[in-house]
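Asks: sequence first, predicted coordinates after that:
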Amino acid sequence: MLLHWFTTGRMMAVSGRFTALINRVRYRDQDEPDQEMAADDLVAAIRAMTADTFGGGAEPSDLEPPAAAPPAAPITLSGPQAPWLHIVFFGGLLLGGLASAVAWGTFAPTWGLSGEGFTRTFGDGPATAAVLLGGGMLTGFGTRMAGGCTSGHGLCGVSRLQPGSLLATAAFFGAGILFSFALEAL
Amino acid sequence: MIAQASRSDARAAVVLSLLGIFMGFSLSRIGFGSWDEVHSMFTFSSLRLTLAFLTGVVVLVPAWKLIHRATGATWSPRNIHRGTFIGGALFGLGWALTGACPAIALVQLGEGQLAAILTLAGIFLGNLLYSVVHDRFFRWSTQSCADV
């Protein structure tokens, strides 16, 4: 049920989109943060420049035999995406959550988190704001450091048996399990 | 050229928003938006999310193989370095605290759990902070699969 993002012809990765947006903000003075450019991005950029220079078709499919690109994949979705497209995807996630809550009649906006566990563990005072902000920072910091989150490492990486992804996934599930048991014990 | 680029961007926007909605809706229905469910996953008191995650992996393993066989597509290997483990563990702490991995912060917000805006702000801040720290101290490459 989870899984048809490979229709886009790219690995799904959510934390990478956060990274891309942050890079956009940090490096907005430069045209491209080229010191971090992956090889594939470079190829895409060269393709784009070639198309510009020679006025050829912008689609890589015009320049290459089709075997080089998965025919099922819309070519425009591979390679780096425009920053606003990341926001479009994030907007989709938000709407998906909204649609789910509305369709099941559970949509009742609250200032906190729904469910009892969070409040039981952390109370409902101002400290909860610090927990969420701090926890979010750990998540943002950690996923960028590890180079992926549940989608990129956990699903896409583990299913390809990538050692880095297996390690990262073991690390975040391991830490989550240990810490959650520690919370229970408190 | 410009018209062409914006047309392909528009197509990408339609596809991405539909994917986002589908993914957000699915994750929410499975229960990933609930702090209680996530906590139950980590403490093994409910296997609902664990099984959903494992199903995802089990479906994807043959899917990548089939795609590779049918199209010849290959994917670059994921990086591995000290930060893979340390960063993963930090993320695990953050997930257990907030009940949200990066996509879920947005899903929770859509579900009406408005406090998730703090988690979301934290994720952006943490990501920015790491990028600053990384430039100063670390030498490994932090590729993410959004780039490949």
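Replies: Cool, got the structure. Numbers count the residues shown, from 1 in each chain, chains lettered A, B, ... in the order given.
Asks: got phi/psi on residue A:110?
Replies: Residue A:110 adopts backbone torsions of phi -130, psi 160, taken as degrees, to the nearest 10.
Asks: show me the beta-bridge partners of it.
Replies: Beta-bridge partners for residue A:110, by DSSP bridges, are residue B:113.
Asks: show the pLDDT at residue B:140.
Replies: Listed pLDDT for residue B:140 reads 67.
Asks: just to check, residue A:17 is in contact with residue A:91?
Replies: No. Residue A:17 sits out of contact with residue A:91 when judged by Cβ atoms under 8 Å, with a separation of 11.6 Å. Every C-beta, even on glycine, is put in place using the N, C-alpha and C of the backbone.
Asks: looking at the two, which one has more neighbours?
Replies: residue A:17 (25 against 19; other Cβ atoms under 10 Å in any protein chain shown).
Asks: excluding covalently adjacent residues, which one is nearest to that one?
Replies: residue A:86 (4.2 Å; Cβ to Cβ, 6 or more residues apart in numbering or on different chains).
Asks: buried residues of the strand or helix carrying the one you found, list them for me.
Replies: Here residue A:86, judged by DSSP states H and E, is contained in helix A:83-103. Residues of helix A:83-103 classed as buried by neighbour count (16 or more other Cβ atoms under 10 Å in any protein chain shown): A:85-86, A:88-101.
Asks: what of stretch B:89-106?
Replies: B:89-106.
Asks: check stretch B:54-66 too.
Replies: Buried residues in stretch B:54-66, defined by neighbour count with 16+ other Cβ under 10 Å: B:56-57, B:60, B:64.
Asks: longest helix anywhere in chain B?
Replies: Counting residues, the longest helix in chain B under DSSP state H turns out to be helix B:2-30.
Asks: how about low-confidence regions in chain B?
Replies: Regions of chain B meeting the criterion pLDDT under 70 cover residues B:1-5, B:139-148.
Asks: can you show me the helices along it?
Replies: Going by DSSP H, chain B shows helices at B:2-30, B:35-42, B:48-71, B:82-98, B:102-111, B:116-137.
Asks: before we move on, what about chain A?
Replies: Remark: helices assigned in chain A by DSSP H are A:15-26, A:39-54, A:83-103, A:117-122, A:127-146, A:163-185.
Asks: which stretch in these has the least confidence?
Replies: helix A:39-54 (a mean of 49).
Asks: how about the CA coordinates for stretch B:110-118, as CSV?
Replies: Output of stretch B:110-118 as CSV, limited to C-alpha atoms (Å, rounded to 0.1, in the frame of the first residue of the first chain):
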residue,chain,number,x,y,z
GLY,B,110,-2.5,18.4,8.2
GLU,B,111,-4.4,16.2,10.7
GLY,B,112,-4.9,19.2,12.9
GLN,B,113,-2.2,18.5,15.4
LEU,B,114,-1.0,22.1,15.4
ALA,B,115,1.9,21.6,17.8
ALA,B,116,3.7,19.7,15.0
ILE,B,117,4.6,23.2,13.6
LEU,B,118,7.2,23.2,16.3
